[in-house]
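Asks: Show me how the following folds:
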Amino acid sequence: MLGQRTEQAQGRRKTYLNIKNGAVVKRTATGEESYTYVEGKLEAISQKERNFRNEVVVYWYIDLRDEDSGELYSIGFPYGSNTFKSVILALASPMGLTAVNNGSVVRIEPYTRNGYDKIVVWGEGVKLDWVVKTLPPVYERMIGGRKVKDDSERMNYICSLVSQIQNATPTPAR
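Replies: Numbering: from 1, shown residues only. You can find the predicted model right below:
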């Protein structure tokens with residue numbers, strides 16, 4: 001369910017969302033609607049390639065199913081997004097994996113601190129801590145005479161956590 005908005009979404013379609021300015025954002029025909037949180041049972045975490053300004057970029061999608069309305073919310077995150085990493089680090093914690101495995105409602109609640117989007121994740125009514133506090137380092141590599149940040153070890157670790165979460169996710173009823 002999306003938090004604190006007077007109109008209730010109807011139907012069983014997929015609603016695409018993103019995180020922006022400390023809020024869950026849904027695009028509409030007339031602009032954008034902002035919400036304080038999104039919650040539902042975790043159904044899937046997936047990657048998809050998108051075309052953005054004539055360039056192919058990879059996005060993560062976290063799908064949450066609202067138990068009451070049946071609505072499927074799909075939250076999109078750029079591949080290296082720190083907010084995505086925060087969600088995954090919380091869901092991969094022992095309490096997070098238990099919540100996912102039990103098919104409990106997961107709440108993703110963004111906020112802003114010092115101009116940056118942050119995320120709090122709740123599972124089984126409890127704020128989830130991260131599974132680890134320190135991630136693998138980001139290295140600087142020289143490529144063609146330029147310093148380039150290499151976060152491949154960090155993203156490999158995040159991908160391994162995504163696999164753990166996917167393995168804990170019950171198969172959705174269709």
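Asks: Counting neighbours, which bits of the lengthiest strand in the chain end up buried?
Replies: Of all segments of type strand in the chain, defined using DSSP state E, the longest is strand 38-52. Along strand 38-52, these residues count as buried under the neighbour rule (16 or more other Cβ atoms under 10 Å): 38-43, 45. Bear in mind the C-beta positions are built from the backbone N, C-alpha and C, glycine included.
Asks: Past that strand, which element shows up next along the chain?
Replies: strand 55-65 (DSSP states H and E).
Asks: can you list contacts of the helix or strand just after that following strand?
Replies: Beyond strand 55-65 on the C-terminal side, the first helix or strand identified by DSSP H and E is strand 72-78. Contacts to strand 72-78, defined as Cβ atoms under 8 Å, 6 or more residues apart in numbering, come from residues 2, 12-19, 24, 38, 40, 43, 57-66, 83-84, 87, 108.
Asks: if we can go back for a sec, quick check: mean pLDDT across the longest strand of the chain?
Replies: Averaged over strand 38-52, pLDDT sits at 93.
Asks: low pLDDT regions in this protein?
Replies: For the chain, the stretches with pLDDT under 70 are 1-12, 171-174.
Asks: Just the strands from it, written as ranges.
Replies: Under DSSP E, the chain gives strands at 14-20, 23-28, 31-35, 38-52, 55-65, 72-78, 105-113, 116-123, 126-127, 139-143, 146-150.
Asks: Dump those strands into TSV; add distance to Pro170 as well.
Replies: Rendered in TSV, the data for the strands of the chain read as follows (distance: least, Cβ to Cβ, whole Å):
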stretch	distance to Pro170
strand 14-20	19
strand 23-28	24
strand 31-35	26
strand 38-52	8
strand 55-65	11
strand 72-78	15
strand 105-113	13
strand 116-123	14
strand 126-127	19
strand 139-143	38
strand 146-150	36
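Asks: isn't Glu153 right up against Pro136?
Replies: Yes: Glu153 lies in contact with Pro136 (Cβ atoms under 8 Å); the separation is 4.1 Å.
Asks: Nearest spatial neighbour of Gly123, chain-adjacent residues omitted?
Replies: Distances taken as Cβ to Cβ, 6 or more residues apart in numbering put Ala99 closest to Gly123, at 2.9 Å, once the chain neighbours are dropped.
Asks: give me the number of residues near that neighbour?
Replies: Here the number of neighbours of Ala99 (other Cβ atoms under 10 Å) works out to 26.
Asks: ok, residues contacting stretch 145-157?
Replies: The set of residues external to stretch 145-157 that reach it, using Cβ under 8 Å, 6+ apart, is 79-80, 135-142.
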